[in-house]
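Q: Sequence plus the predicted model coming up.
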Amino acid sequence: MSSIATPEHQSARYPPWPHHPWARPTPRALAWLLMAALTLSAAVATIMVARAAASSPRLAAPAAPPAAREARAADTFIQSVVANDGALGWRQLCPSVQTHVPEATVVQQANTQRGYAAAHGLTLSAAFVGARPQSHGGQIRLYVLTAHWPNGTTEQRTYTILTAAPGCVSAVKNQ
């Protein structure tokens with residue numbers, strides 16, 4: 001009797017990945033992973049912009065426009081997440097963030113998420129929770145994003161959107 005396992009024994013003990021239900025990510029996990037990737041892209045860009053602003057004395061905060069303009073950018077951004085419209089969301093980002101986050105990347109992530117949502121019957125909705133002014137201009141706006149699954153279950157995530165005084169989105173945080 002040989003102590004070396006044959007391929008037949010190995011496949012019985014360790015079946016390949018697609019045949020193992022516990023090894024596959026759930027649709028719910030994939031949806032939130034895609035949303036996290038979009039949020040991560042915005043967060044990385046925000047960090048890069050903050051570092052550039054700290055090292056460049058030429059970047060000064062512009063005069064603050066009405067709060068309605070800042071709210072409109074944040075509201076439109078969160079609706080672009082709900083609609084999986086990457087181009088619309090990218091247009092709400094501050095120009096300094098846009099230089100670090102290519103529009104094509106955001107559009108591709110949104111398209112991937114849209115396809116996943118359609119295939120699994122997932123829909124998203126957003127609710128505005130509140131806003132606070134920032135000391136240097138702009139606002140901190142809080143939203144709750146809800147994922148609605150076909151079986152009736154829901155999951156929620158909180159998003160904080162920071163706007164800059166010119167009326168654009170400067171950062172997005174997912175809690």
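A: Ah, there it is.

Q: right, and Ala110 touches Gly89 too?
A: Yes - with contact defined as Cβ atoms under 8 Å, Ala110 counts as touching Gly89 (7.0 Å). Yep, even glycine has a C-beta here, placed from its N, CA and C like the rest.

Q: Please say which of the two ends up with more neighbours.
A: Here Ala110 and Gly89 are compared on neighbour count by other Cβ atoms under 10 Å; more neighbours surround Gly89, at 25 against 22.

Q: Identify the residue nearest Gly130 in space, chain neighbours excluded?
A: Using Cβ to Cβ, 6 or more residues apart in numbering and skipping the chain neighbours, the partner closest in space to Gly130 is Leu142 (5.3 Å).

Q: in this protein, which spans are strands?
A: 123-133, 139-148, 154-164, 168-174 (DSSP state E).

Q: May I ask which helix or strand of the chain has the lowest mean pLDDT?
A: Lowest by mean pLDDT, DSSP states H and E among the helices and strands of the chain is helix 7-13, with a mean of 47.

Q: hmm, back to that, residues touching the residue nearest to Gly130, list them.
A: By Cβ atoms under 8 Å, 6 or more residues apart in numbering, the contact set of Leu142 is 128-131, 158-161.

Q: let's see it at 10 Å
A: 74, 127-132, 158-161, 173, 175 (Cβ atoms under 10 Å, 6 or more residues apart in numbering).

Q: which residues of the chain score low on pLDDT?
A: Residues of the chain meeting the criterion pLDDT under 70: 1-67.

Q: go again using 90 as the cut-off
A: Along the chain, the model assigns pLDDT under 90 to residues 1-71, 135-137, 165-167, 174-175.

Q: ranking the strands of the chain by burial, who's on top?
A: Across the strands of the chain, the average number of neighbours (mean count of other Cβ atoms under 10 Å) peaks for strand 168-174, which reaches a mean of 21.

Q: With only the CA atoms kept, save that one in PDB.
A: Output of strand 168-174 as PDB, limited to C-alpha atoms (Å, rounded to 0.1, in the frame of the first residue of the first chain):
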ATOM      1  CA  CYS A 168     -17.600  69.400  -5.500                       C
ATOM      2  CA  VAL A 169     -16.900  66.100  -3.700                       C
ATOM      3  CA  SER A 170     -13.500  66.000  -2.100                       C
ATOM      4  CA  ALA A 171     -13.700  62.600  -0.200                       C
ATOM      5  CA  VAL A 172     -16.000  59.700   0.300                       C
ATOM      6  CA  LYS A 173     -15.900  57.400   3.400                       C
ATOM      7  CA  ASN A 174     -17.700  54.200   3.900                       C
END
